[in-house]
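S.K.: return a 3D structure for these sequence lines:
(3 chains)
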Amino acid sequence: MLQLTASFFQRDVLQVAPELLGKVLATPKHRALITEVEAYRGEEDLACHASKGRTPRTEIMYHEGGHLYIYLIYGMYWMLNIVCGQADSPEAVLIRGIEGLNGPGKLTRYLGIDKSYYGEQLGFSDRIQLFDPGVCLPYRTTPRIGIDYAGEPWVSKPWRYLIK
DNA sequence: GGCACGATGTGA
DNA sequence: CACATCGTGCCG
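M.R.: Numbers count the residues shown, from 1 in each chain, chains lettered A, B, ... in the order given. Predicted coordinates:
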């Protein structure tokens, strides 16, 4: 199976996100199909952490696609994101679900992903890789979860993608 | 330094 | 529905 590398992610996050469905997320101990993702796109997207501008936390989102953006939420759960797009265009895909595990916090706990993965580069890492089984799966979209605070139009953008 | 608040999950 | 639990952004 071919490994996904930088160029795959260095495109508009809205194009990359649906294509991530069905890709295989691999660590030394696990291997699982991605079933659900969400797109966060640019400083103008008030649901995107980059809407607060460039900070130590969001710094990696300003790098070119292919890096991992990891952050802690509710003091308990590590969120796994893949940076997309070109440098200085802060975009990322949140991995929300893998086969057999729904929920972004559950999958990182299961895979053992934490802050130490921040900035890791897909294609160069030996702790985490993404493979392409070469299939395109039918999917549906919905608004993103848990971002009511962002308000319109962001709360209504159909930027959550799930395998049908 | 202090404070409010989450891109969540669990259990009553 | 309550709440655990802590890094981050923002204010002072």
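
S.K.: use CA for all of it now, contacts and neighbours both
M.R.: Fine.

S.K.: can you classify residue A:16 as helix, strand or coil?
M.R.: In three-state terms, and counting by DSSP: H, G, I helix; E, B strand; the rest coil, residue A:16 is helix.

S.K.: now it: how far from DNA strand C?
M.R.: Residue A:16 sits 24 Å away from DNA strand C, going by C-alpha to the nearest atom of the strand, to the nearest Å.

S.K.: report whether the longest strand along chain A contacts DNA strand B.
M.R.: Ranked by residue count and defined by DSSP state E, the top strand of chain A is strand A:31-41. Yes - shown here: strand A:31-41 in contact with DNA strand B (C-alpha under 7 Å from any atom of the strand) through A:38, A:40.

S.K.: so what does that strand touch, helix or strand wise?
M.R.: Applying 3 or more C-alpha pairs under 8 Å, 6 or more residues apart in numbering; DSSP states H and E, one finds that strand A:31-41 contacts helix A:13-20, strand A:24-26, strand A:91-98, strand A:160-163.

S.K.: so can I have CSV of the ones you listed showing mean neighbour count, mean pLDDT and distance to residue A:136?
M.R.: As requested, the helices and strands packed on strand A:31-41 are exported to CSV (neighbours: other C-alpha atoms under 10 Å; pLDDT from 0 to 100; distance: least, C-alpha to C-alpha, whole Å):
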stretch, mean neighbour count, mean pLDDT, distance to residue A:136
helix A:13-20, 22, 98, 7
strand A:24-26, 20, 98, 12
strand A:91-98, 26, 98, 16
strand A:160-163, 21, 98, 10
